[in-house]
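Visitor: sequence and predicted structure, then a few things I'm wondering about:
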Protein chains: 2
Amino acid sequence: MLYQEDFKVGAWRESTEPYLVTEEEIIEVGRRWDPRPFHIDRDAASDSLFGGLVACSAHLFAIVSWLAHHMEQPTAGVAGLGWDKIRMHAPVMAGDRISCKVQCLESRPSGSQPGCGVITVYNELYNQRDELVYTAQCSFLVERRPEP
Amino acid sequence: MLYQEDFKVGAWRESTEPYLVTEEEIIEVGRRWDPRPFHIDRDAASDSLFGGLVACSAHLFAIVSWLAHHMEQPTAGVAGLGWDKIRMHAPVMAGDRISCKVQCLESRPSGSQPGCGVITVYNELYNQRDELVYTAQCSFLVERRPEP
């Protein structure tokens, strides 16, 4: 388990397995949260700007979260605090396999939550062709290492 | 349908119905995307910082998307481009009813996508006690009004 003290500024971590995005899931997540034609209707999506079904942004945010649970070591995360500079660089489509790289930008004890620290990371998501699809900065509350 | 020309800088819009967050859904979404104890285990959540189950951030992002489809008039949205200054102000818990207010910050034709415009909005999410739970800025591509 990674605690606040384990996050070293400048260090990179990577996901250990990619997330496979299926057509069925794009449609299912889209119908539930963001039912636009290019998320839920294969024919309408073919005629859209994207030329096919694309994952909705809520789907991509969920995949970011899934990938955070598929790193070599889990993080003792407590709460997401804020996100900045989220940018969508390319559409995520059926058959894409998404992986992530994470660099630590800041690591410090929390001023307000005893036993916790604040971490800020920079996230990059790539597809199976190593094309950048998403970047963001995220700050979150994380446990400090328990006293022995 | 709202096109780029319909977004006036400074104008506010509101959701027409709140999103009810249930315990079952917090656990289901948490298990799928962010399986931390305080999202999926009622007893562990009771002992956590939050004192009960809390919706994961991926869940809240999905609710933001759902609320965007529950405004008086739908938007001819094409793609999310970027998010800035996302801040989580208070946990979202079982039984909460979440609504949103949206202010237009920018509205202009796209320089790169013919027939589209770029909108930037400021989002505020509230619970049923009018407590602010989430704020963010979001930029997205939207269709321009079709020629008659």
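Guide: Perfect, thanks for sending it.
Visitor: against chain B, how distant is the residue most central in space within chain A?
Guide: Computing the C-alpha centroid of chain A and ranking residues by CA atoms, centre = their mean puts A:V64 first, at 1.7 Å. A:V64 sits 8 Å away from chain B, going by CB to the nearest CB, to the nearest Å. (Glycine included, C-beta is placed from N, CA and C.)
Visitor: is it fair to say that residue lies in a strand?
Guide: No: under DSSP: H, G, I helix; E, B strand; the rest coil, A:V64 sits outside any strand and is assigned helix.
Visitor: helices along chain A, start to end?
Guide: A:23-33, A:37-40, A:42-46, A:57-68 (DSSP state H).
Visitor: highest mean neighbour count out of those?
Guide: Mean neighbour count (mean count of other CB atoms under 10 Å in any protein chain shown) peaks for helix A:57-68 among the helices of chain A, with a mean of 24.
Visitor: which parts of chain A sit against chain B?
Guide: A:32-36, A:49, A:54, A:56-58, A:61-66, A:68-69, A:77-88, A:91, A:113, A:136 (CB under 8 Å from any CB of the partner chain).
Visitor: isn't the residue nearest to the centre of chain A up against A:C100?
Guide: Yes: A:V64 sits in contact with A:C100 when judged by CB atoms under 8 Å, with a separation of 7.0 Å.
Visitor: mutual contacts of the two, please.
Guide: A:123, A:125 (CB atoms under 8 Å, 6 or more residues apart in numbering or on different chains).
Visitor: neighbours of A:D6, just the number please.
Guide: 18 (other CB atoms under 10 Å in any protein chain shown).
Visitor: what's near enough to touch the nearest residue to it once chain neighbours are set aside?
Guide: Once flanking residues are discounted, A:D6 sits nearest to A:R145: 7.6 Å by CB to CB, 6 or more residues apart in numbering or on different chains. A:R145 makes contact with A:3-6, according to CB under 8 Å, 6+ apart.
Visitor: top of these by neighbour count?
Guide: Neighbour max across the contacts of A:R145 (other CB under 10 Å) = A:Q4, 21 neighbours.
Visitor: per-residue pLDDT, A:R97?
Guide: pLDDT for A:R97: 98.
Visitor: what residues does stretch A:108-128 touch?
Guide: Here stretch A:108-128 has contacts from A:3-5, A:7, A:18, A:60, A:63-64, A:67, A:78, A:81, A:90, A:92, A:96-107, A:132-144, B:49, using CB under 8 Å, 6+ apart.
Visitor: let's see it at 6 Å
Guide: Stretch A:108-128 is contacted from outside by A:4, A:7, A:78, A:96-107, A:132-142, A:144, using CB atoms under 6 Å, 6 or more residues apart in numbering or on different chains.
Visitor: how about stretch A:30-50?
Guide: A:27, A:52-54, A:56, A:58, A:91, B:62, B:65-66.
Visitor: what are the ranges of the strands in chain A?
Guide: A:12-14, A:19-20, A:77-88, A:97-109, A:116-126, A:132-143 (DSSP state E).
Visitor: possible to save those as TSV with mean neighbour count?
Guide: TSV is the format used below for these (neighbours: other CB atoms under 10 Å in any protein chain shown):
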stretch	mean neighbour count
strand A:12-14	14
strand A:19-20	16
strand A:77-88	19
strand A:97-109	17
strand A:116-126	21
strand A:132-143	20
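Visitor: I'd like those strands as a markdown table, with distance to B:I40 appended.
Guide: Supplementary listing: the strands of chain A in a markdown table, determined by distance: least, CB to CB, whole Å:
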| stretch | distance to B:I40 |
| --- | --- |
| strand A:12-14 | 24 |
| strand A:19-20 | 19 |
| strand A:77-88 | 14 |
| strand A:97-109 | 22 |
| strand A:116-126 | 20 |
| strand A:132-143 | 18 |
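Visitor: hang on, A:L67 packs against A:C100?
Guide: Yes: between A:L67 and A:C100 there is a contact under CB atoms under 6 Å: 4.5 Å.
Visitor: which neighbours do these two share?
Guide: A:S15.
Visitor: low-scoring stretches of chain A, by residue?
Guide: Judged against pLDDT under 70, chain A has no low-scoring part.
Visitor: now with 90, please.
Guide: A:49, A:147-148 (pLDDT under 90).
Visitor: measure A:D130 to chain B for me?
Guide: With CB to the nearest CB as the criterion, A:D130 and chain B are 22 Å apart.
Visitor: got the end-to-end distance for stretch A:9-17?
Guide: Start-to-end span of stretch A:9-17 (CA to CA, to the nearest Å) is 24 Å.
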